[in-house]
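K.L.:
please find the sequence and the predicted model below.
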Amino acid sequence: MIRHHPDKNQLLEYAAGTLARGPSLVIAAHVQMCADCRTHYHTLNSLGGSLLNESPAQPIQPNAFEHLMTRIDRIVEKNTVKEIKDREPEPLNNQGPALTNLPRVLQKLLAKNPARKWRKVSRSLQVCRVRTGQRDYEVAFHHLRSGAKLPEHDHRGQEFAVVLHGSFSDHNGIYGPGDFVFREPGQVHRPIATQDKDCLCFSAVGAPVAITGIRGLLLNPLIPFRPG
């Protein structure tokens, strides 16, 4: 049972297409896993369509179609060049966790931008970053070993996350498959994976986390942040 969801404003921003690329991917994955939010999302889309139909028609500028086709041609050409450059990515590390049974939006993301490798952050945590074509958020999969306890840390930027497999807990509750997680700057927590299985999450983070206490003085300068 999914207990944690985006708030109404976040879901409205996602439906309106005004949410940044990284957070949108996270909420899209949650919506595809959550029947309640999926229904709410379709309702928002229907309302938006009705409002658009009721809006007065606006005059179209001369040569608008020609300008539109020119822009499309430029975008296609740019993406084709990028696809050629990225045609042979480094294969995903076979020793890393398997990315299976993912929501469709994440399957499509990996098909276009193959995950390159898992990086071992600690004995309990592995991270696999994914290219998304934006520079505001670091987007990645996080694999936490069963029973593992991450260091207590603060958030310097917004974090959007969805649990894909397994579960973890912190002082706010327990998060299982499909649950949405949102943290704002200044919120401190310590995720702990449940004992029965490993936990896999997908997240978009706006800034590197800051480990609290004495450990943070040693480790925070070493924590990388790679949006993209």
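P.N.:
Structure's in. What do you need?

K.L.:
okay, now the nearest residue to residue 145 once chain neighbours are set aside: neighbour count?
P.N.:
When the adjacent residues along the chain are set aside, residue 145 lies closest to residue 124, with 4.5 Å between them (C-beta to C-beta, 6 or more residues apart in numbering). Glycine gets a C-beta too; all of them are placed from N, C-alpha and C. Close neighbours of residue 124, defined as other C-beta atoms under 10 Å, add up to 16.

K.L.:
ok, residue 124 touching residue 144?
P.N.:
Yes - assessed by C-beta atoms under 8 Å, residue 124 is found in contact with residue 144 at 6.2 Å.

K.L.:
now do the helices in the chain.
P.N.:
Using DSSP state H, the helices of the chain run over 8-16, 21-33, 35-54, 64-85, 104-112, 213-219.

K.L.:
looking at the ones you listed, which has the lowest confidence?
P.N.:
Of all the helices of the chain, mean pLDDT reaches its minimum on helix 213-219 (a mean of 40).

K.L.:
ok, now which ones touch residue 164?
P.N.:
Applying C-beta atoms under 8 Å, 6 or more residues apart in numbering to residue 164 gives the contacts 29, 102, 103, 106, 141, 177, 200, 201, 202.

K.L.:
same question for residue 126.
P.N.:
Applying C-beta under 8 Å, 6+ apart to residue 126 gives the contacts 96, 97, 118, 119, 120, 142, 143.

K.L.:
any idea how far residue 206 is from the closest residue to the fifth one other than its chain neighbours?
P.N.:
In other words, residue 120. With sequence-adjacent residues excluded and distances taken as C-beta to C-beta, 6+ apart, residue 120 is closest to residue 126, at 5.4 Å. Noted for residue 126: a distance of 21 Å to residue 206, by C-beta to C-beta, to the nearest Å.

K.L.:
now swap in residue 188 and tell me
P.N.:
Remark: distance between residue 188 and residue 206 (C-beta to C-beta) = 16 Å.

K.L.:
more crowded one of these two?
P.N.:
The neighbour comparison of residue 188 against residue 206 (other C-beta under 10 Å) goes to residue 206, with 21 against 14.

K.L.:
before we move on, the earlier item: tell me the one of the contacts of residue 164 nearest residue 194?
P.N.:
Closest approach to residue 194 among those (C-beta to C-beta): residue 177, at 11.6 Å.

K.L.:
per-residue pLDDT, the residue nearest to residue 120?
P.N.:
At residue 126, the pLDDT value in this model is 91.

K.L.:
same check on the one 4 residues further on?
P.N.:
Each residue has a pLDDT score; the one for residue 130 is 92.

K.L.:
for it, give me its contacts.
P.N.:
Residue 130 makes contact with 109, 110, 113, 115, 139, 140, 141, according to C-beta under 8 Å, 6+ apart.

K.L.:
how much space separates it from residue 163?
P.N.:
Residue 130 sits at a distance of 17 Å from residue 163 (criterion: C-beta to C-beta).

K.L.:
just give me the neighbour total for residue 185.
P.N.:
The tally of other residues near residue 185 (other C-beta under 10 Å) stands at 13.

K.L.:
who's in contact with it?
P.N.:
154, 155, 156, 157, 158, 207 are the contacts of residue 185 under C-beta under 8 Å, 6+ apart.

K.L.:
in strands only, show me the residues you listed.
P.N.:
Of these, the ones assigned to strands by DSSP state E are 154, 155.
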